[in-house]
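**Student:** From the sequence below, what's the structure:
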Amino acid sequence: MSSSAELRGITSAAVVRAANAMLRTLGGGEIHLLLPAHSLPGKTAVELGAVDPGVEDVTLGPVIIRTLPTDNSGPRRRSEFLIPASAVDSEMTSHNANSVQSLLDSALGIVCEGQMYRIEGMTSEQFAGTTYLYRVTGCY
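**Tutor:** Now for the predicted structure:
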């Protein structure tokens, strides 16, 4: 049985494509998600922490960056990153993550315009049962 959105001619693929088009039209840029590197040699130096395992730089786009207000006692800058679901979902499968939340939890942070942001949280936007956009908040 089709969902009510499919009955009206709207499919989940169309919703995802529309989100991508909207973010591109609004001037979407790129951010870099820093993930810990997974491939390390099995040597004693690695086990002792003498070797830097490195990071993997994953580019996500198109992304809209919005500045959020901060308190005087809070972080210097807070931002909201609007990321299309298609960009995050493809990275989730390539990094063997069970969910987008687990992918972001494993990330060391987000690099945007040369600044490293600590990930504070994530919410998703849905239409007709399909996630089309992630709102990730970060601060530095």
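**Student:** what's the helix or strand for the residue nearest to the spatial centre of the chain?
**Tutor:** Central residue of the chain (CA atoms, centre = their mean): residue 88, 5.4 Å from the mean position. Taking DSSP states H and E as the criterion, residue 88 maps to helix 85-94.
**Student:** Could I get the average pLDDT for that helix?
**Tutor:** For helix 85-94, mean pLDDT is 90.
**Student:** pretty sure residue 116 belongs to a helix, no?
**Tutor:** No - applying DSSP: H, G, I helix; E, B strand; the rest coil, one finds residue 116 to be strand, outside a helix.
**Student:** got the contact list for it?
**Tutor:** Each residue near residue 116 by CB atoms under 8 Å, 6 or more residues apart in numbering is listed here: 34, 109-110, 140. Just so you know, the C-beta spots here come from the backbone N, C-alpha and C atoms, and that holds for glycine as well.
**Student:** Check which helices and strands the helix holding residue 88 is in contact with.
**Tutor:** The helices and strands touching helix 85-94, judged by 3 or more CB pairs under 8 Å, 6 or more residues apart in numbering; DSSP states H and E, are helix 12-25, strand 55-68, helix 100-106, strand 130-139.
**Student:** What count of nearby residues applies to residue 121?
**Tutor:** By other CB atoms under 10 Å, 11 other residues sit near residue 121.
**Student:** Spatially nearest residue to it, not counting backbone neighbours?
**Tutor:** The spatial neighbour of residue 121 that comes closest, neighbours along the chain excluded (CB to CB, 6 or more residues apart in numbering), is residue 137 at 5.2 Å.
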